[in-house]
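Student: below: sequence and its predicted model.
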Amino acid sequence: MPPLLKLHAWKLAGLLLLANLGLLAHLIAGSIKPTSLWNWTDILGEGGSALLVLLWIGLLLKSRPAGSVTNLLFFGLACLFFSLWMDSVDEFVQLPAGVGWDKWLESGPMPVGFVLMTLGIYHWHREQLAISAQMEKRERLFREHRLFDKLTPLGTADYLRLQVQQALQQSREEGQPLALAILDLDGFGRLNREHGHAEGDRVLQSLTQLLLLNLRRQDLLCRLAGDRFVALLPATGAQQAQQIAGELQEAVRHLAYRSSRNGERLRLSACVASVLAQDEDGESLLRRLNLALAHAKQAPAVKRA
Ligand SMILES: Nc1nc2c(ncn2[C@@H]2O[C@H](COP(=O)(O)OP(=O)(O)OP(=O)(O)O)[C@@H](O)[C@H]2O)c(=O)[nH]1
């Protein structure tokens, strides 16, 4: 049995039974009209409408999950179908004068069907709103996923921008300082060329773990680009930020990273800088941070180390 019939067998059997009972009642009470009396316009209009409603019922049951909304829509459509079917039957069957029940069968289920359909469509609308709200949540989650780096478990530059904006607002509200520290590996391009891109990836992953280990719980580390990382340091003054940046630089210098090819030690070093947030927006704060790094890079290596 097709799944559609299996799921809605009772409903469909009930509709079929009612439609046949209606036909039977007409056949018992009346007689078939001669074809010369058939009104083809009515037959096509009413019979065609009944068939279309049957098609709607099929599409409805095929496309919707079983449940109360589907039932309301089904019974609504079933009433419309029954009315139209009875209307079509009296085009072929002549009932004796004085019979009135056929008018009830034709007109009675129609308004009931419209009421059920209205209720069904109203609940369908509410169901759609709930589904849309769920989709929106998923979409937000998906969008936020895109803000995370693929290589490291860190946020991207876009994520950093969002977090900096929020942190600036929070620091203003709480009257706390906010600082940013930046770290950029030295000669990473050369490391890539000499040891391969895959080795470079592993260096970035180890470096990420190292930096995270050396930061506090409240700090946020993001990967700004390539070999450049930024730490957002809430409730941190200029001096403390400088100290944290210096510690990160030291940690990188002491990292005993061994290449995966022959286990040789790859010596790493990094350039760091830090800035204290002023009364400014996130973009200008990040611009100042990059500028501070550019200045630090220009300083002689001996002075930096
Ligand atoms: N392995 C690897 N390399 C990357 C990735 N993203 C960027 N890079 C490389 O990182 C290098 C960064 O180059 P630069 O900005 O010149 O950095 P650098 O070679 O360390 O130069 P300085 O910072 O001036 O010392 C480029 O060669 C990029 O191809 C990545 O995800 N994985």
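Tutor: Nice, thanks for sending it over. Source: prediction; values computed, not measured.
Student: pLDDT wise, what is the residue nearest to R288 when sequence neighbours are not counted at?
Tutor: Among residues not flanking R288 along the chain, V275 sits closest, at 5.0 Å (C-beta to C-beta, 6 or more residues apart in numbering). Glycine gets a C-beta too; all of them are placed from N, C-alpha and C. On pLDDT, V275 comes in at 97.
Student: list the buried residues of the host helix or strand of A133.
Tutor: Per DSSP states H and E: A133 is located in helix 109-145. In terms of neighbour count (16 or more other C-beta atoms under 10 Å), helix 109-145 has its buried residues at P109, M110, V112, G113, L116, M117, L119, G120, H123, W124.
Student: for the fifth one, give me its contacts.
Tutor: The one in question is L116. L72, L73, F75, G76, C79 (C-beta atoms under 8 Å, 6 or more residues apart in numbering).
Student: with the fourth one instead?
Tutor: Applying C-beta under 8 Å, 6+ apart, we find G113 in contact with F75, G76, L77, A78, C79, L80, F82, S83.
Student: wait, is the fourth one part of a helix?
Tutor: Yes. Under DSSP: H, G, I helix; E, B strand; the rest coil, A78 falls within a helix.
Student: would you mind giving the buried residues of helix 109-145 as CSV with pLDDT and distance to the ligand added?
Tutor: CSV is the format used below for the buried residues of helix 109-145 (pLDDT from 0 to 100; distance: C-beta to the nearest ligand atom, whole Å):
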residue, pLDDT, distance to the ligand
P109, 95, 68
M110, 95, 68
V112, 96, 66
G113, 96, 63
L116, 97, 60
M117, 96, 58
L119, 96, 57
G120, 96, 54
H123, 95, 51
W124, 93, 48
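Student: tell me the buried residues in the helix or strand harbouring L289?
Tutor: Using DSSP H and E, L289 maps to helix 282-298. Buried residues in helix 282-298, counted by 16+ other C-beta under 10 Å: G282, L285, L286, R288, L289, N290, A292, L293, A296.
Student: which strands or helices does it pack on?
Tutor: Under the contact criterion of 3 or more C-beta pairs under 8 Å, 6 or more residues apart in numbering; DSSP states H and E, helix 282-298 touches helix 157-174, strand 178-185, strand 228-234, strand 270-276.
Student: three-state assignment of the residue in the chain sticking out farthest from the centre?
Tutor: Going by C-alpha atoms, centre = their mean, the residue of the chain most distant from its centre is A97, 63.3 Å out. When classified by three-state DSSP, A97 comes out as coil.
Student: ditto for the one 5 residues further on
Tutor: Under three-state DSSP, D102 falls in the helix class.
Student: I'd guessed it sits against D87; true?
Tutor: No. Judged on C-beta atoms under 8 Å, D102 makes no contact with D87 at a distance of 9.4 Å.
Student: can you pull out the low-pLDDT segments for the stretch 151-300 of the chain?
Tutor: 300 (pLDDT under 70).
Student: what residues does it put near the ligand?
Tutor: Within the stretch 151-300 of the chain, the positions near the ligand by C-beta under 6 Å from any ligand atom are 151, 184-189, 192, 197, 200-201, 204, 226-227.
Student: among those, which lie within strands?
Tutor: D184, L185 (DSSP state E).
Student: of the residues of the stretch 151-300 of the chain next to the ligand, grab the buried ones for PyMOL.
Tutor: Filtering these down to the buried ones (16+ other C-beta under 10 Å) takes a single PyMOL command:
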select buried, resi 184+185+186+188+192+200+204+227
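Student: so which of the residues of the stretch 151-300 of the chain next to the ligand are in helices?
Tutor: Taking DSSP state H as the definition of helices, these contribute F188, G189, N192, H197, G200, D201, L204.
Student: just give me the closest of those residues to S63.
Tutor: The nearest member of those to S63, counting by C-beta to C-beta, is D201 at 46.9 Å.
Student: so who does the closest one touch?
Tutor: So D201 contacts L151 (C-beta under 8 Å, 6+ apart).
Student: roughly how far apart are it and T208?
Tutor: Noted for D201: a distance of 11 Å to T208, by C-beta to C-beta, to the nearest Å.
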